[in-house]
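Novice: Fold the following and give me the result.
(chains A, B and C, ligands or ions: 3)
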Amino acid sequence: MKLIIAIVQDQDASGLIDDLTEKKYGVTKLASTGGFLKSGNTTLLIGVEDDKVDEVIKIIEDNCKTREITTSLLTVNMPGDTYIPYPIDVKVGGATLFILDVEQYKKI
Amino acid sequence: MKLIIAIVQDQDASGLIDDLTEKKYGVTKLASTGGFLKSGNTTLLIGVEDDKVDEVIKIIEDNCKTREITTSLLTVNMPGDTYIPYPIDVKVGGATLFILDVEQYKKI
Amino acid sequence: MKLIIAIVQDQDASGLIDDLTEKKYGVTKLASTGGFLKSGNTTLLIGVEDDKVDEVIKIIEDNCKTREITTSLLTVNMPGDTYIPYPIDVKVGGATLFILDVEQYKKI
Ligand code: NI
Ligand code: NI
Ligand code: NI
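Specialist: Ligands and ions are numbered 1, 2, ... in the order given. Model (predicted):
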């Protein structure tokens, strides 16, 4: 048995939890803030049989891979104070995984 | 030294923390939500000497074992809109434990 | 790779996170309450290369060591209900560290 501690971006967490739950993986969501990833992040505890670790990593990659999105910043155009949307590319996603060996696993 | 990560139901958490604290076990409570157990749950970190693991598991079992309780659902009785309490059996409790080996333990 | 789970006092957390981040250590802050340390505490997850563990422990010691501070209690002086500040020494700080071996570390 392994315990995967996954630190993912808030916006990727619910999709990931859905996909893991559909495949019957147990997930616990901890509240977390700042750190490994710049914006708000979520820490998940995922208990996994040894031979399922790669499948779970794949599910995390599918949900959390770093990708570029185009968003727009509103910038002030001084004369007349009109705001102009200014498109920018932002990197979102990413995850940090710590995979630990579980000495004993018990359901009560 | 072992670290027990215990995911328990919210309603069992404070009784368990009391019992562990009385016996001088160190417990840290993390906020957690959803996942391994259906309703709201709490994740506890419990640091334990190797020869005390079984005693701590016993304390967790005593506080968190799955049991059936009888509760009542209010159901609507259409004519006149009266509500009738309808008794149902619900399973509560349960816990998921990950016991990890601690390579180094340090109090500062 | 090691994972340091550090339970520190709330008041020491932000200084510690600053110092770790300056030195490029990844830190994730989990919300936590009660337990190992009497007052409000914070749990941090710190991923560290094996040969940097001692440096990180040193940074934690510098920020979280137990120290005595003098604070004042307001006590009532019965005749006339005046309050008299009464200086007392209080121990603050302290940390509990669990250092775990990481079987696999992955950035996505
Ligand atoms: Ni295993
Ligand atoms: Ni040990
Ligand atoms: Ni290692």
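Novice: Checking A:Leu44 next. Helix, strand or coil?
Specialist: strand (DSSP: H, G, I helix; E, B strand; the rest coil).
Novice: swap in A:Lys24?
Specialist: coil.
Novice: what about it, distance to B:Leu20?
Specialist: As judged by CB to CB, to the nearest Å, A:Lys24 and B:Leu20 stand 31 Å apart. C-beta coordinates here come from the backbone N, C-alpha and C atoms, glycine included.
Novice: and what of A:Glu68?
Specialist: Going from A:Glu68 to B:Leu20 by CB to CB gives 48 Å.
Novice: Repeat that for A:Val102.
Specialist: Look at A:Val102 and B:Leu20: by CB to CB, they are 21 Å apart.
Novice: Equivalent analysis for A:Gln9, please.
Specialist: 34 Å.
Novice: Repeat that for A:Val90.
Specialist: For A:Val90, the distance to B:Leu20 equals 45 Å [CB to CB].
Novice: Look at A:Glu68 and B:Leu20 and report which has more neighbours.
Specialist: Just comparing A:Glu68 and B:Leu20: by other CB atoms under 10 Å in any protein chain shown the higher neighbour count belongs to B:Leu20, 22 against 9.
Novice: Surely that one touches B:Lys58?
Specialist: No: B:Leu20 sits out of contact with B:Lys58 when judged by CB atoms under 8 Å, with a separation of 11.2 Å.
Novice: what residue ranges in chain A score low on pLDDT?
Specialist: Scanning chain A for pLDDT under 70 picks out A:31-39, A:73-82.
Novice: Disregarding residues adjacent in the polypeptide, which is nearest to A:Asp89?
Specialist: Once flanking residues are discounted, A:Asp89 sits nearest to A:Glu68: 5.0 Å by CB to CB, 6 or more residues apart in numbering or on different chains.
Novice: Is that neighbour bridged to anything, and to what?
Specialist: Per DSSP bridges, the residues bridged to A:Glu68 are A:Lys91.
Novice: distance of it from B:Met1?
Specialist: Distance from A:Glu68 to B:Met1, by CB to CB: 44 Å.
Novice: beta partners of A:Lys107?
Specialist: On the basis of DSSP bridges, A:Lys107 is bridged to B:Thr96.
Novice: swap in A:Tyr86?
Specialist: A:Leu73.
Novice: Tell me if I'm right that it and A:Thr71 touch.
Specialist: No: A:Tyr86 lies out of contact with A:Thr71 (CB under 8 Å); the separation is 9.7 Å.
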